[in-house]
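1. Mind looking at a prediction? Sequence and model below.
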Amino acid sequence: MLILIVLGVILAVFLIAGFWITSIYNGLVALRNRFKNAFAQIDVQLKRRYDLIPNLVETAKGYMKHESTTLEAVIKARNIAAAAASAVAANPADGNAMKGLLSAEAGLGGALSRLMVVSEQYPDLKANQNMMQLTEELTSTENKVGFARQAYNDAVMAYNTAREIFPNVIFAGMFGFLPAELFKIEDPTERNAPRVSFN
């Protein structure tokens with residue numbers, strides 16, 4: 001009889017521990033899925049921006065014939081950023097891919113800024129309706145990227161906090177829940193969105 005009580009207590013402890021560990025695991029999965037979904041929202045806006053840039057360059061090309069290196073640099077930076085975004089979209093939990101995207105986005109921002117500075121020298125381009133519409137759409141998209149990035153960073157913060165607190169930290173590594181990388185800009189000069197206004 002005593003053996004049955006002891007076995008019953010041991011079984012109850014194992015069941016409670018099992019439910020507890022399952023709860024930790026499921027909570028981490030939910031938080032990981034939340035930050036992956038949040039990155040998907042960034043990805044939608046980045047793709048929209050990447051689709052706008054070739055149109056912007058094509059419009060500028062007609063006016064800026066002597067600025068082909070600037071235009072080519074924008075397209076090259078756009079292609080690098082688009083490839084980096086695809087790598088992160090495949091696995092938003094990959095910290096190295098996120099760092100690659102941040103670097104590529106910084107390069108694209110610099111190239112777009114140079115394009116906008118050079119385009120200031122072309123009054124006819126500034127007055128072009130298509131160019132004004134494209135820059136307005138690009139500015140709007142930049143704002144949407146900023147909002148989506150904030151939501152993503154909030155989701156990453158919640159996930160990273162949940163995986164680092166005790167007792168979750170004991171099981172997070174065992175279950176393969178690695179830290180997620182924030183979508184942050186390191187260089188303070190890169191914190192501003194590229195200026196795309198032709199006012």
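-> Now that the structure is in, tell me what you want to look at.
2. Tell me where the longest helix sits in this structure.
-> As far as residue count goes, and with DSSP state H defining each element, the longest helix of the chain is helix 2-61.
3. Let me know the next secondary structure element after it.
-> Scanning forward in sequence from helix 2-61, with DSSP states H and E defining helices and strands, the next element found is helix 68-90.
4. and the angle from the helix or strand following that next one to helix 68-90?
-> Counting by DSSP H and E, the next helix or strand C-terminal to helix 68-90 is helix 95-119. Calculated by axes from the mean of the first three to the mean of the last three Cα atoms, to 10 degrees, helix 95-119 forms an angle of 150 degrees with helix 68-90.
5. so what does the longest helix of the chain touch, helix or strand wise?
-> helix 68-90, helix 95-119, helix 129-164, helix 168-172 (3 or more Cβ pairs under 8 Å, 6 or more residues apart in numbering; DSSP states H and E). Heads up, the C-betas are built off the backbone N, CA and C, glycines and all.
6. so which of those helices gets nearest Phe35?
-> Distance to Phe35, taken as Cβ to Cβ, is lowest for helix 129-164 among those, at 3.8 Å.
7. Off-centre distance for the closest one?
-> Taking Cα atoms, centre = their mean, to the nearest Å, the mean C-alpha location of helix 129-164 is offset from the chain mean by 8 Å.
8. same thing with stretch 122-140?
-> A distance of 26 Å separates the C-alpha centroid of stretch 122-140 from that of its chain, computed with Cα atoms, centre = their mean.
9. CA-only coordinates of it in CSV, if you can.
-> Coordinates of each C-alpha in stretch 122-140 appear next as CSV, following Å, rounded to 0.1, in the frame of the first residue of the first chain:
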residue,chain,number,x,y,z
TYR,A,122,17.6,69.2,-61.2
PRO,A,123,14.6,71.5,-60.9
ASP,A,124,12.7,69.8,-63.7
LEU,A,125,13.0,66.5,-61.9
LYS,A,126,11.7,68.0,-58.7
ALA,A,127,8.7,69.3,-60.5
ASN,A,128,7.9,66.0,-62.3
GLN,A,129,4.5,64.6,-61.1
ASN,A,130,5.6,61.0,-61.2
MET,A,131,8.7,61.8,-59.2
MET,A,132,6.7,63.7,-56.6
GLN,A,133,4.2,60.8,-56.3
LEU,A,134,6.9,58.2,-56.0
THR,A,135,8.7,60.2,-53.3
GLU,A,136,5.5,60.6,-51.4
GLU,A,137,4.8,56.9,-51.6
LEU,A,138,8.4,56.1,-50.5
THR,A,139,8.1,58.5,-47.5
SER,A,140,4.8,56.9,-46.5
